[in-house]
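[1] Predicted model follows, preceded by the sequence.
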Amino acid sequence: MYNALIFDLDGTIIDTLPDITRAINQAMEDASFPYRYSVEEAMNLIGGGALAFIKKALQEEGNDEEKIDRLRPFYLKYYEEFQCDTSKPYDGVVEFLKDAKRKGVKLYVITTKPNRLAQEIVRAKIGDNIIDEIRGQIDGIPHKPDPSVSNKLIEKEKLDKNSILWIGDSMVDLKTAQNVGVDCALVSYGYGHLKGNEPAKYHINSINELVSLL
């Protein structure tokens, strides 16, 4: 039984992919690059934060730092501008979180999305006073799968690692959970192209499958 849940954000509790796709394509146009991505193609670029996404989007340019620096401000601008346009929680997520909250389960989000934007989208799409703490990426602080942010949160909240379940959609989330030393549930519907045989404790097709674990 778990009394604390740590969630990834993109691809786990909120479907942000259409807005991310629109952001990278608009950024490419404004920065005068010829590349455009479908939603499926953009999904293949996700993982590791905004800078990693930009580098993958410009991989045909051979990791040219000048070109990465040219695209980055455009992408970050539209990433922020578009992030709440069509993004929405996955089916059942808000209801599950509210029910878990009523049961006294502690709820957290740890994501590589920039911290301010993570705070904004969770409040806009999930609601206020549901997630106990949201920790997004801050420049200069190691991000997933480094366990530092997670361990500091666990220490601050005085949580027992045996009572924590990490929920995510990618191998980065699984590696983070392993580095932290907590159990992991991987969702099948996210962006991580999972095969279902990854060594997570649980594989789930819907967030509601977590109800029996609380």
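    Looks like it arrived, so ask away.
[2] Identify, among the helices and strands of this protein, the element with the weakest mean pLDDT.
    helix 50-57 (a mean of 93; mean pLDDT, DSSP states H and E).
[3] Quick check: what element follows that one along the chain?
    Using DSSP states H and E, the helix or strand that follows helix 50-57 in sequence is helix 65-82.
[4] Go through that following helix and flag the buried ones.
    For helix 65-82, the neighbour count (16 or more other C-beta atoms under 10 Å) marks Lys67, Ile68, Arg70, Leu71, Arg72, Phe74, Tyr75, Leu76, Tyr78, Tyr79, Phe82 as buried. In short, each C-beta sits where N, CA and C put it, glycine included.
[5] ok, which stretches of this structure are helices?
    17-30, 39-43, 50-57, 65-82, 93-102, 115-125, 148-157, 171-180 (DSSP state H).
[6] The last one versus helix 148-157: what angle between them?
    The one in question is helix 171-180. Between helix 171-180 and helix 148-157, the angle comes out at 50 degrees (axes from the mean of the first three to the mean of the last three C-alpha atoms, to 10 degrees).
[7] With the fifth one instead?
    In this structure, helix 93-102 runs at an angle of 30 degrees to helix 148-157, with the same axes, to 10 degrees as the basis.
[8] Quick one, grab the pLDDT at the residue of the chain positioned farthest from its centre.
    Largest separation from the mean C-alpha position in the chain: Ser32, at 28.6 Å (C-alpha atoms, centre = their mean). Ser32 is assigned 97 on the pLDDT scale.
[9] From Phe74, how far out is it?
    10 Å (C-beta to C-beta, to the nearest Å).
[10] swap in Asn25?
    Separation of Asn25 from Phe74 (C-beta to C-beta) stands at 11 Å.
[11] And for Asp85?
    17 Å.
[12] Identify the residues contacting the residue farthest from the centre of the chain.
    By C-beta atoms under 8 Å, 6 or more residues apart in numbering, Ser32 lies in contact with nothing.
[13] Ok, Arg135 next?
    Tyr108, Val109, Ile110, Thr111, Asn115, Ala118, Val149, Leu153.
[14] what bridges to it?
    Arg135 has the following beta-bridge partners by DSSP bridges: Ile110.
[15] Also Lys106?
    According to DSSP bridges, beta-bridge pairing links Lys106 with Ala4.
[16] so what pLDDT did it get?
    98.
[17] Also Ser87?
    pLDDT, Ser87: 97.
[18] change the start of the numbering to 870 and stick with it
    Sure thing, new numbering starts at 870, so read that last one as Ser956.
[19] So it sits against Glu989, correct?
    No - taking contacts as C-beta atoms under 8 Å, Ser956 lies outside contact range of Glu989: 10.9 Å.
[20] quick one: contacts of stretch 971-981?
    Contacts for stretch 971-981 (C-beta under 8 Å, 6+ apart): 871-879, 882, 917-919, 966, 969-970, 987, 991, 999-1006, 1012-1013, 1018-1019, 1022, 1026, 1028, 1045, 1083.
[21] Kindly report the same for stretch 921-937.
    Residues outside stretch 921-937 that contact it (C-beta under 8 Å, 6+ apart): 889, 893, 897, 902, 904, 906, 913-916, 920, 940-941, 944.
[22] Which pair in the residues you listed has the greatest spatial separation?
    Phe902 and Gly916 (20.7 Å; C-beta to C-beta).
[23] Now render the helices of the chain as a markdown table, adding distance to Tyr1060.
    Formatted as a markdown table, the helices of the chain follow (distance: least, C-beta to C-beta, whole Å):
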| stretch | distance to Tyr1060 |
| --- | --- |
| helix 886-899 | 7 |
| helix 908-912 | 5 |
| helix 919-926 | 11 |
| helix 934-951 | 15 |
| helix 962-971 | 15 |
| helix 984-994 | 15 |
| helix 1017-1026 | 20 |
| helix 1040-1049 | 10 |
